[in-house]
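Chemist: compute the structure for the input listed below.
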Amino acid sequence: MALGLVCYSSSEDEDGDGDLGPGVAMTTMGDCRAYFCCENLHSSEDGQPRTPPKKQAKLEQRSASPQQDRTSKRMSWKNDQGDLPLPASVLAMFPEVEKGPADDPGLHEGRVRSFAHERGNWATHVHLSCAGGEDLNEFVDRLLDVTATLGHFSRQDGFHVSLSHTVVLRHHWIAPFVESLRELLHSFSRFSFVANKVNIYTNEERTRTFLGLAVTGGNNQLENLVTEVNEALHEFRLPSFYEEPSFHVTLAWCIGDLSASFDDSMKNKFQALIDDFQDISEVFHFKVECVMCKVGNKHFTVPLH
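Modeler: Numbering: from 1, shown residues only. Coordinates of the predicted model:
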């Protein structure tokens, strides 16, 4: 119970006080009147104190969490303003996630990328380099003359045997990947193989056709090499090479799928050409002393033991 005491300088008729309102009692002590605010008069039916309606509203308003109030204001402001663009200084911190330019086949002789270019991604290919000599170059020249009626074949920029698909490496993976290849192949012995049968091949997308010399001797060593290369690929969760690869020395390529154009008569011409060079043993024999890893425009050499 709260007690309020108010004193007046003059006495008034007690009836002039009128109705003091619920919960207020008055008693007279000489010239002073005492008012008792009896909160227990504002009680509910069960006898428990009841907060006046106006005071209850204020308490409910104050009970809201300040954090909830600030969050509500921020959400309201965000809805009004919309999403704000990131500053250029922040975007510059992550250049590798920006998309690169649109692919233009005209810039690389009509060839179409197997995957979209993205800054920070590096096309990577593991292979054997098969330089050959003048005799091999002469053989390729004559091979292109034979196929001239079928389409425009271009000499391959660097004769090679593939040991992997073209895969994508992030920039910070390049050095660890090359190091992994070196560790896996450091004890692998050098060897030689023979490739003396002309064959045709297409890529998986069938957007290009290739002329190659199929490997006819040394497949076991090549398969062992692929096993080690696949292990390095697995470390970086990259796809393995074909389960049953058809090893060949890639010599030339053209746009499109021309595989249906190579009939028996064309195959006979290929065999006749092989026979013309069969006496030059060095043409179709290749020595393997290292494995090459091409990453973008960079070339890494992995020597064999």
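Chemist: residue ranges with poor pLDDT in the stretch 51-200 of the chain?
Modeler: For the stretch 51-200 of the chain, the stretches flagged by pLDDT under 70 are 51-86, 88-117.
Chemist: what about the helices in it?
Modeler: 53-63, 66-81, 88-91, 134-146, 174-185 (DSSP state H, counting those that start in this stretch).
Chemist: do the stretch 201-305 of the chain as well
Modeler: Secondary structure of the stretch 201-305 of the chain (DSSP H, counting those that start in this stretch): helices at 219-235, 264-277.
Chemist: quick one: closest of those helices to residue 185.
Modeler: helix 219-235 (5.6 Å; Cβ to Cβ). Every residue, glycine included, has its C-beta placed from N, CA and C.
Chemist: that closest one - contacts with which helices or strands?
Modeler: Contacts defined by 3 or more Cβ pairs under 8 Å, 6 or more residues apart in numbering; DSSP states H and E place helix 219-235 against helix 174-185, strand 191-202.
Chemist: need the distance between the two termini of stretch 119-135.
Modeler: 41 Å (Cα to Cα, to the nearest Å).
Chemist: list the buried residues of it.
Modeler: 121, 122, 123, 124, 126, 127, 128, 129, 130, 132 (16 or more other Cβ atoms under 10 Å).
Chemist: OK, contacts around the fifth one?
Modeler: Taking Cβ atoms under 8 Å, 6 or more residues apart in numbering as the contact definition, residue 126 lies against 162, 163, 164, 181, 229, 291, 292, 293, 294.
Chemist: hmm, residue 128 and the last one touching each other?
Modeler: Read that as residue 294. No: assessed by Cβ atoms under 8 Å, residue 294 is found out of contact with residue 128, at 11.6 Å.
Chemist: anything in contact with each of these two?
Modeler: What both residue 294 and residue 128 touch, as defined by Cβ under 8 Å, 6+ apart, is an empty set.
Chemist: taking the mean pLDDT, what do you get for stretch 290-305?
Modeler: For stretch 290-305, mean pLDDT is 96.
Chemist: what about residue 138, neighbour count?
Modeler: 14 (other Cβ atoms under 10 Å).
Chemist: quick one: which of the helices and strands packed on helix 219-235 is nearest residue 299?
Modeler: Residue 299 sits nearest to helix 174-185 of all the helices and strands packed on helix 219-235, at 10.5 Å, using Cβ to Cβ.
Chemist: measure residue 163 to residue 144 for me?
Modeler: Separation of residue 163 from residue 144 (Cβ to Cβ, to the nearest Å): 26 Å.
Chemist: those two: which is more packed in?
Modeler: Counted by other Cβ under 10 Å, residue 163 and residue 144 do not tie: residue 163 has more neighbours, with 22 against 17.
Chemist: ok, the more buried one - contacts?
Modeler: 126, 127, 128, 222, 225, 226, 229, 241, 291.
Chemist: picking that back up, among the helices and strands packed on helix 219-235, which is nearest residue 156?
Modeler: strand 191-202 (11.7 Å).
Chemist: next, the angle helix 264-277 makes with that closest one.
Modeler: In terms of direction (axes from the mean of the first three to the mean of the last three Cα atoms, to 10 degrees), strand 191-202 departs from helix 264-277 by 160 degrees.
Chemist: okay, buried residues for strand 191-202 please.
Modeler: Those would be 191, 193, 194, 195, 196, 197, 198, 200, 201, for strand 191-202 by 16+ other Cβ under 10 Å.
Chemist: measure the fifth one to residue 180 for me?
Modeler: Distance, residue 196 to residue 180, using Cβ to Cβ: 34 Å.
Chemist: also residue 204?
Modeler: Residue 204 sits 25 Å away from residue 180, taking Cβ to Cβ as the criterion.
Chemist: those two: which is more packed in?
Modeler: Legend: neighbour count by other Cβ under 10 Å for residue 204 and residue 180, higher for residue 180 (20 against 8).
Chemist: relative to residue 237, how far out is the more buried one?
Modeler: For residue 180, the distance to residue 237 - Cβ to Cβ - is 13 Å.
Chemist: likewise residue 259?
Modeler: 32 Å.
Chemist: what's the burial count for residue 149?
Modeler: For residue 149, using other Cβ under 10 Å, the count is 8.
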